[in-house]
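*Asks:* Make a model of this:
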Amino acid sequence: MTRIFSYSLVFLLASGTLAAQPLRKNLCSDPVKTENRFSVETPLTMRDFRYQGGRSSSPSGLVQAMRTKPGVALLSSGLIPGLGQAANSKWMRAGAYFLADAILLAVHLRSRQRAKELQQQYEQFADRNWSVVTYAQWLVDYHKSNGIYSQNEHIDELEQQVNGRHAAYNPDIDWETVDLQTLREVERHTPFITPDGTAGNNFSHFMPEYGSQQYYELISKYYQYGPGWNDFGIDRRGEPLDSQYQLSWNGEDMPPHFFEGASLADQFNDKYRVAGNMLAYMLLNHVVSAFDAFITVKINNNRLETESSLFGARQFILKYHF
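*Replies:* Numbering: from 1, shown residues only. Below is the predicted model of the structure:
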């Protein structure tokens, strides 16, 4: 019985040895070839120690261009402030540029809208309270009172147009009464008469066409058009004038409506100036954002080139032996 057990044990050991023999032969028959077969030599750079996203997380062509090409980054942030900064993960600066542009645009649009509203209010005020008929009639009386009627060859024609007419303070009616060219010729030959009766230079401005921007600007800005307001004859304090035809020409003889119109005009002009300033600031924001994006990409490119030069000369070799 003992002999049978011994023979069985020897047989099992021999079988295990024979079964394992091919594997050992395969692994150990040629150690050099085995090392060559499984050796791996891999140069390592800083890129190998960075997170490598999958293909699905790789940036698009435009985003990659904004990250690597300064000119593309400059153009993108020039069009949309903050875009180049966002592509390079400069989120704080991107948000600041974009928010500044949005605020400036909002203020510009609001100021421009408000300016249009105030301008419409002023024009309606002027149409109700200033008349070319009133102004033309004053010019005729001005020439007669100061003894210069005969010196202006066009004043007689203007008098014929307004003689016996009453101002309607409706531009559609009043401008059918007075001929613009005749009025301009009278103005060109009308001198300023000072309170002491001395004649100075001729009138400095000529009536623009009704409805134009210059028309509404002149009638509430220059004193020669003060007599066209319906409350002319009193000064800004409400006191009657000593004379309506020998004016001081320094504004003291202008009526309250003249100054009210000037105030309304200043209000809408101020709003237009604010709107224009916002556009200028927006342009500046685009320019600053564009050059900031340009410099950001240039700095990133220089850093990557420095790292590439530093680790390109010294490479790590890692071998794996199996």
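
*Asks:* in the stretch 51-200 of the chain, which spans are helices?
*Replies:* 61-68, 70-79, 83-87, 91-129, 132-145, 155-162, 171-174, 180-188 (DSSP state H, counting those that start in this stretch).

*Asks:* in the longest one, what counts as buried?
*Replies:* Taking 16 or more other C-beta atoms under 10 Å as the basis for neighbour counts, the residues of helix 91-129 that come out buried are 93-94, 96-98, 100-101, 104, 107-108, 111-112, 114-115, 118-119, 122-123, 125-127, 129. The C-beta positions use only the backbone N, C-alpha and C, and glycine is treated the same way.

*Asks:* Which parts of the stretch 201-322 of the chain are helices?
*Replies:* Counting by DSSP H, counting those that start in this stretch, the helices of the stretch 201-322 of the chain are 213-219, 256-313.

*Asks:* And the helices of the stretch 51-200 of the chain: which comes nearest residue 306?
*Replies:* Distance to residue 306, taken as C-beta to C-beta, is lowest for helix 61-68 among the helices of the stretch 51-200 of the chain, at 15.4 Å.

*Asks:* what's in contact with the closest one?
*Replies:* 59, 72-73, 76, 83-84, 87-88, 293, 297, 300-301 (C-beta atoms under 8 Å, 6 or more residues apart in numbering).

*Asks:* ok, 6 Å please
*Replies:* 72-73, 76, 84, 87-88 (C-beta atoms under 6 Å, 6 or more residues apart in numbering).

*Asks:* now swap in stretch 184-192 and tell me
*Replies:* Contacts of stretch 184-192 (C-beta under 6 Å, 6+ apart): 139, 152, 154-155, 158, 199-200, 202-203, 206-207, 249.

*Asks:* on that earlier part again, would you mind giving me the ChimeraX syntax to select the buried ones in the contacts of helix 61-68?
*Replies:* Burial among these is assessed by 16+ other C-beta under 10 Å; the matching ChimeraX selection reads:
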select :72,73,76,84,87,88
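
*Asks:* can I get the contacts of helix 61-68 in JSON lines with pLDDT and distance to residue 189?
*Replies:* Output for the contacts of helix 61-68, formatted as JSON lines (pLDDT from 0 to 100; distance: C-beta to C-beta, whole Å):
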{"residue": "72", "pLDDT": "90", "distance to residue 189": "65"}
{"residue": "73", "pLDDT": "88", "distance to residue 189": "65"}
{"residue": "76", "pLDDT": "89", "distance to residue 189": "62"}
{"residue": "84", "pLDDT": "89", "distance to residue 189": "64"}
{"residue": "87", "pLDDT": "89", "distance to residue 189": "69"}
{"residue": "88", "pLDDT": "90", "distance to residue 189": "70"}
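
*Asks:* next one: stretch 277-292 to chain centre, how far?
*Replies:* 7 Å (C-alpha atoms, centre = their mean, to the nearest Å).

*Asks:* ok, now stretch 123-139?
*Replies:* That offset, for stretch 123-139, works out to 38 Å (C-alpha atoms, centre = their mean).

*Asks:* residue ranges with poor pLDDT in the protein?
*Replies:* The chain contains residues with pLDDT under 70 at 1-59, 307-322.

*Asks:* and with 50 instead?
*Replies:* Within the chain, the set of residues satisfying pLDDT under 50 comprises 1-42, 44, 46, 48-56, 313, 315-322.

*Asks:* and residue 180, how many neighbours?
*Replies:* 14 (other C-beta atoms under 10 Å).

*Asks:* Same question for residue 138.
*Replies:* As a burial measure, residue 138 scores 21 neighbours (other C-beta under 10 Å).

*Asks:* Excluding covalently adjacent residues, which one is nearest to it?
*Replies:* residue 227 (3.9 Å; C-beta to C-beta, 6 or more residues apart in numbering).

*Asks:* now the one you found: how far from residue 241?
*Replies:* Separation of residue 227 from residue 241 (C-beta to C-beta, to the nearest Å): 10 Å.

*Asks:* So which of those two has more stuff around it?
*Replies:* Per other C-beta under 10 Å, whichever of residue 227 and residue 241 has more neighbours is residue 227, with 24 against 17.
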